[in-house]
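Undergrad: Show me how the following folds:
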Amino acid sequence: MSYESVLKDAEARMEKAVSHTRDMLKNIRTSRASSALVEHVRVDYYGTPTPLSQLAQISVPEARTLVIKPFDASVIKEVEKALMKSDLGISPESDGKVIRLTMPPLSGEQRKKYAAKAKDLGEEGRVSLRNVRRDANKEADAHKKSGEVTEDGHKDLQDEIQKMLKSFEAKVGEAQDKKTKEILED
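TA: Got it, this is the predicted structure:
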């Protein structure tokens, strides 16, 4: 592995960490309806736990309403059960063809709890980025030790890795701040 490959590998792994953090933040409830809240809910579909997004069309017709229309109407009861079991805290309303989820406004206490969860997820994202930096620095050290990289090259590589870390930490912070703002607004 060379100087460039260490950087490319670190960048790819940091990108995945940021992407994962964003995905986790999407699952936190706000006062607004979002299809991301229910996409990963697992429904027992003929004995197989299947993501809701594969079984139904999920739409947001209004700011606080989610509409779930299963492709197969016979699965509607299973979808309702899965939504009741999920940690959303919202009761589904069904008319036999579609399921409506109306998002109640969050209480002040719930907002604080969800904002704290967003902060925790942001910190987890930063920790995984730092782990990538640590691994990349270990690789850089190994290259220096084997003579593939000079002393100056090693220092430059570590500086590049640090710059990259700061840039990706900013992306995580941005995603966390955006989600916290969504949670705290009415």
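
Undergrad: doesn't M24 fall inside a helix?
TA: Yes - M24 sits within a helix when classified using DSSP: H, G, I helix; E, B strand; the rest coil.

Undergrad: List the contacts of the residue lying closest to it once chain neighbours are set aside.
TA: Leaving aside its sequence neighbours, M24 sits nearest to L121 (Cβ to Cβ, 6 or more residues apart in numbering; 4.9 Å). The C-beta positions use only the backbone N, C-alpha and C, and glycine is treated the same way. Shown in contact with L121 (Cβ atoms under 8 Å, 6 or more residues apart in numbering): 21, 24-25, 28, 176.

Undergrad: go again using 10 Å as the cut-off
TA: L121 makes contacts with 20-25, 27-28, 172, 175-176, 179, as judged by Cβ atoms under 10 Å, 6 or more residues apart in numbering.

Undergrad: Please tell me how far R32 sits from A136.
TA: Distance, R32 to A136, using Cβ to Cβ, to the nearest Å: 38 Å.

Undergrad: more neighbours, these two?
TA: A136 (24 against 17; other Cβ atoms under 10 Å).

Undergrad: Quick one, grab the pLDDT at that one.
TA: On pLDDT, A136 comes in at 92.

Undergrad: So it lies in a helix, does it not?
TA: Yes - assessed with three-state DSSP, A136 lies in a helix.

Undergrad: Quick check: closest non-adjacent residue to it.
TA: A10 (3.9 Å).

Undergrad: now the host helix or strand of that neighbour, how far from the centre of its chain.
TA: According to DSSP states H and E, A10 maps onto helix 3-26. Distance, stretch centre to chain centre, for helix 3-26: 13 Å (Cα atoms, centre = their mean, to the nearest Å).

Undergrad: and the helix or strand containing S167, what does it pack onto?
TA: Using DSSP H and E, S167 sits in helix 151-184. On a contact count with 3 or more Cβ pairs under 10 Å, 6 or more residues apart in numbering; DSSP states H and E, helix 151-184 meets helix 3-26, helix 108-146.

Undergrad: Quick check, central residue of this structure?
TA: D23 (1.7 Å; Cα atoms, centre = their mean).

Undergrad: I figured it was touching K179, is that so?
TA: No - counting by Cβ atoms under 10 Å, D23 does not reach K179; the two are 11.5 Å apart.

Undergrad: check contacts around R126.
TA: Neighbouring residues of R126 by Cβ under 10 Å, 6+ apart: 17-18, 21, 165, 168-169, 172-173, 176.

Undergrad: Find the nearest non-adjacent residue to I76, please.
TA: P70 (5.4 Å).
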